[in-house]
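Peer 1: I need the structure of the sequence given here:
(one chain, ligands or ions: 1)
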Amino acid sequence: MKHLIIFGPPGAGKGTQAEKLSQSLNLIHLSTGQQLRELVINQGISQSEINNIMTAGGLVSDEMVNQMVAQFIVDHPKQIFLLDGYPRNLIQANFLDNLLGAENIMVLNLVVSEKETVNRLASRGRLDDQADNVKRRWLTYCKNTQPLITYYEKNKRLINVDGEGSIEEVFKRLEIDAKQLTDNS
Ligand code: B4P
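Peer 2: I've put the predicted structure just below:
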């Protein structure tokens, strides 16, 4: 059995699909974006450093996110994880490999065009979904996160999945691979 990472650019549908997959396959879903948003709300720190970074489309510090993920994994022993929005750079990917074992991790990469994600995010309207911020999130993705595709491809740990089409269509495609990876390996 493998732990799964759902990967892709901002607005690819990682959160949307991770929610559905974790329910259908009984996986433990960890969204670092969601956890960070909750942290901001719960601590009432709307002007906090984290909030400013997220709204501006940057990445929150590796130290903080890695610590959050490590704690979550410790709190859920002997579970199969579906990680959404993490890792987002090489430092995080190395950290996760050490935590769970590289051989136990597979990546499902949602392939979606920039144009499609911009349309999707425009209709959602979160603060970080404003056009300028989306542009910056894409730049951050291209600079920091996209290089991980090569990192995971090298060890044959990445499967590309067409992320365009309706939510249900994408889900059906993802579910086939996710089922095999969490059932048989
Ligand atoms: P995330 O919460 O991870 O958000 P995201 O990448 O923008 O969106 P996602 O791909 O999950 O899209 P969603 O399903 O919501 O990150 C937010 C911020 O948190 C980051 O910018 C960063 O600052 C920080 N952060 C998070 N993790 C971090 C880390 N590891 N290190 C450092 N910083 C970190 O879908 C988007 C919209 O599209 C929704 O409205 C949805 O309904 C719609 N949609 C989805 N699929 C669709 C489909 N098939 N058709 C039509 N619409 C669809």
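
Peer 1: show me which residues of the protein are close to the ligand?
Peer 2: 8, 10-16, 32-33, 36, 53-54, 57-60, 65, 85-86, 88, 92, 120-121, 124, 128, 137, 166-167, 170 (Cβ under 6 Å from any ligand atom). For every residue, glycine as well, the C-beta is placed using N, CA and C.

Peer 1: buried subset of those?
Peer 2: 8, 10-14, 16, 32-33, 36, 53-54, 57-60, 65, 85-86, 88, 92, 120-121, 128, 137, 170 (16 or more other Cβ atoms under 10 Å).

Peer 1: the residue of the chain found nearest the ligand: what secondary structure?
Peer 2: Taking Cβ to the nearest ligand atom, the ligand has its nearest neighbour within the chain at Gly33, 1.9 Å off. Classification of Gly33 by DSSP: H, G, I helix; E, B strand; the rest coil places it in helix.

Peer 1: can you tell me, leaving aside adjacent residues, what's nearest to it?
Peer 2: Distance criterion Cβ to Cβ, 6 or more residues apart in numbering; nearest residue to Gly33, sequence neighbours excluded, is Gly85 at 4.4 Å.

Peer 1: roughly how far apart are Lys78 and Ile28?
Peer 2: 10 Å (Cβ to Cβ, to the nearest Å).

Peer 1: the two: who's more crowded?
Peer 2: Between Lys78 and Ile28, counted using other Cβ atoms under 10 Å, the more crowded position is Ile28 (15 against 4).

Peer 1: mean confidence (pLDDT) on the longest helix seen in the chain, please.
Peer 2: Secondary structure of the chain per DSSP state H: the longest helix is helix 167-183. Averaging pLDDT along helix 167-183 yields 96.

Peer 1: residues of that helix that come out buried?
Peer 2: Val170, Phe171, Arg173, Leu174, Glu175, Ala178, Leu181, Thr182.

Peer 1: restricting to C-alpha, output it in PDB.
Peer 2: Extracted in PDB, the C-alpha atoms of helix 167-183 (Å, rounded to 0.1, in the frame of the first residue of the first chain):
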ATOM      1  CA  ILE A 167     -15.300  17.100 -11.200                       C
ATOM      2  CA  GLU A 168     -16.900  13.600 -11.600                       C
ATOM      3  CA  GLU A 169     -15.000  12.800 -14.800                       C
ATOM      4  CA  VAL A 170     -11.700  13.700 -13.200                       C
ATOM      5  CA  PHE A 171     -12.600  11.800 -10.100                       C
ATOM      6  CA  LYS A 172     -13.300   8.600 -12.100                       C
ATOM      7  CA  ARG A 173      -9.900   8.800 -13.700                       C
ATOM      8  CA  LEU A 174      -8.100   9.400 -10.400                       C
ATOM      9  CA  GLU A 175     -10.000   6.700  -8.600                       C
ATOM     10  CA  ILE A 176      -8.800   4.000 -10.900                       C
ATOM     11  CA  ASP A 177      -5.100   4.700 -10.200                       C
ATOM     12  CA  ALA A 178      -5.700   5.500  -6.500                       C
ATOM     13  CA  LYS A 179      -7.600   2.300  -5.900                       C
ATOM     14  CA  GLN A 180      -4.800   0.200  -7.400                       C
ATOM     15  CA  LEU A 181      -2.100   2.000  -5.500                       C
ATOM     16  CA  THR A 182      -3.800   1.700  -2.100                       C
ATOM     17  CA  ASP A 183      -5.100  -1.900  -2.700                       C
END
